[in-house]
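A.B. asks: 3D, please:
(one chain, ligands or ions: 1)
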Amino acid sequence: MSQNSTGNLTEYYVKDDNISNKQEKYTYESLLLTAQYLLERISVKPQVGIICGSGMGAYWHEGCLADALDNRQEFPYETIPHFPVSTVDGHVGKLIFGNLSDVPVVCMQGRFHYYEGYPLWKCAMPVRVMKLIGVTHLIASNAAGGLNSDYKVGDIMIVRDHINMMGFAGNNPLQGPNDERFGPRFPPMNKAYNSHLIDQGKELAQKLGIQDCVHEGVYTCLGGPNFETVAELRMLKMLGADAVGMSTVHEVITARHCDMDVFAFSLITNICVIDYECHNKPNHEEVMDVGKMRQDVLKLFVKKLVEYISQK
Ligand code: HPA
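C.D. replies: Model prediction:
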């Protein structure tokens with residue numbers, strides 16, 4: 001950084017600071033324009049929004065849920081006005097509209113993460129767009145490390161609740177001026193995950209005969225991109241978290257703020273190492289491998305859940 005004309009470095013730093021603080025947020029009107037762009041192009045308005053994370057085809061096409069939609073219409077993120085663009089290597093990055101079991105849905109294939117450098121309100125922006133195009137229910141999926149000692153790789157954890165670790169550090173997608181057209185300044189979060197949908201998820205697990213690998217638990221999200229240290233994992237476990245990941249919480253907060261019903265689940269792609277003697281290292285490849293391995297069962301699970309939502 002060079003000095004300014006008065007040679008005053010302090011002044012320079014203050015100016016830089018102002019620029020980052022002024023980072024423009026999406027207004028209600030700018031998001032309406034994004035919604036309008038999509039509404040003018042889609043043939044059916046979706047009722048359910050599905051976020052397909054690392055466990056559900058964010059990195060591949062073949063056999064993934066979004067690929068199974070009928071009457072598909074695809075919008076790569078870079079073609080949608082105001083949409084961020086995914087920067088994770090290999091992440092697909094598309095909004096896909098279509099029918100799942102005759103129910104109109106929209107899938108986000110690939111999401112935005114804090115570790116990519118986006119602020120949380122930007123990561124969660126697509127949820128508000130979904131709301132503005134008429135989506136009433138959000139199904140958010142993620143890949144997560146299992147902290148609960150009952151969990152095995154490939155298990156599904158229905159999210160009962162979350163611990164917003166980034167919120168503890170003063171980082172929240174709802175920070176800044178509030179627009180009441182989305183929701184209240186101080187939204188409650190004690191019923192973040194719809195209990196009817198949780199019950200239905202558990203019932204479905206029974207019906208599909210997968211109840212032994214389906215749990216109900218508490219998810220927590222850290223900013224990433226590094227996986228956690230042993231001490232961090234021990235702390236998270238002590239705090240009551242059953243699984244840890246790098247997404248979802250800010251999307252759920254944003255969805256609840258605008259009164260969407262939320263169901264979320266984690267695919268347990270690795271067991272967290274909380275023992276200094278264990279030399280297993282979590283890695284991104286195993287996250288994707290487990291996702292691919294479990295995609296048929298996840299697809300069926302989501303399909304049945306969507307059928308339930310449409311019949312309610
Ligand atoms: N930690 C954080 N995020 C993750 C993990 C993990 O162990 N596994 C998959 N996503």
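
A.B. asks: any idea which element the residue in the stretch 51-200 of the chain that the ligand sits nearest to lies in?
C.D. replies: Of all residues in the stretch 51-200 of the chain, G145 sits closest to the ligand, with a separation of 2.2 Å (C-beta to the nearest ligand atom). Quick note: C-beta positions are derived from backbone N, CA and C, even for glycine. Counting by DSSP states H and E, the secondary-structure element that holds G145 is strand 137-146.

A.B. asks: same thing with I198?
C.D. replies: Using DSSP H and E, the element containing I198 is helix 195-207.

A.B. asks: Pull the residues that contact the next helix or strand after that helix.
C.D. replies: Counting by DSSP H and E, the next helix or strand C-terminal to helix 195-207 is strand 214-221. Contacts with strand 214-221, where a contact means C-beta atoms under 8 Å, 6 or more residues apart in numbering, come from 142, 144, 148, 150-151, 155-166, 198, 201-202, 205, 236, 239-250, 264, 266.

A.B. asks: Any quick ChimeraX command for the buried ones out of those?
C.D. replies: For the buried members of the contacts of strand 214-221, the matching ChimeraX selection, counting by 16 or more other C-beta atoms under 10 Å, is:
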select :142,144,148,151,155,156,157,158,159,160,161,162,163,164,165,166,198,201,205,236,241,242,243,244,245,246,247,248,249,250,264,266
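
A.B. asks: Inside strands: which ones of the contacts of strand 214-221?
C.D. replies: Among the contacts of strand 214-221, the members found in strands (DSSP state E) are 142, 144, 156-163, 243-245, 264, 266.

A.B. asks: who in the stretch 201-312 of the chain is up against the ligand?
C.D. replies: Where proximity means C-beta under 6 Å from any ligand atom, the interface of the stretch 201-312 of the chain facing the ligand comprises 227-228, 244-246, 269-270, 272, 282, 287.

A.B. asks: Try it again at 5 Å.
C.D. replies: Residues of the stretch 201-312 of the chain found near the ligand, taking C-beta under 5 Å from any ligand atom as the criterion, are 227, 244-246, 269, 282, 287.

A.B. asks: Make a markdown table out of these and add distance to C123 and pLDDT.
C.D. replies: Formatted as a markdown table, the entries for those read as follows, by distance: C-beta to C-beta, whole Å; pLDDT from 0 to 100:
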| residue | distance to C123 | pLDDT |
| --- | --- | --- |
| F227 | 19 | 96 |
| V244 | 17 | 98 |
| G245 | 13 | 97 |
| M246 | 10 | 96 |
| T269 | 20 | 95 |
| P282 | 22 | 85 |
| V287 | 18 | 85 |
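
A.B. asks: Between the residues you listed, which sits nearest H137?
C.D. replies: Sorting these by how near they are to H137, with C-beta to C-beta, puts G245 at the top with 21.1 Å.

A.B. asks: Could you find the closest non-adjacent residue to the closest one?
C.D. replies: A144 (3.9 Å; C-beta to C-beta, 6 or more residues apart in numbering).
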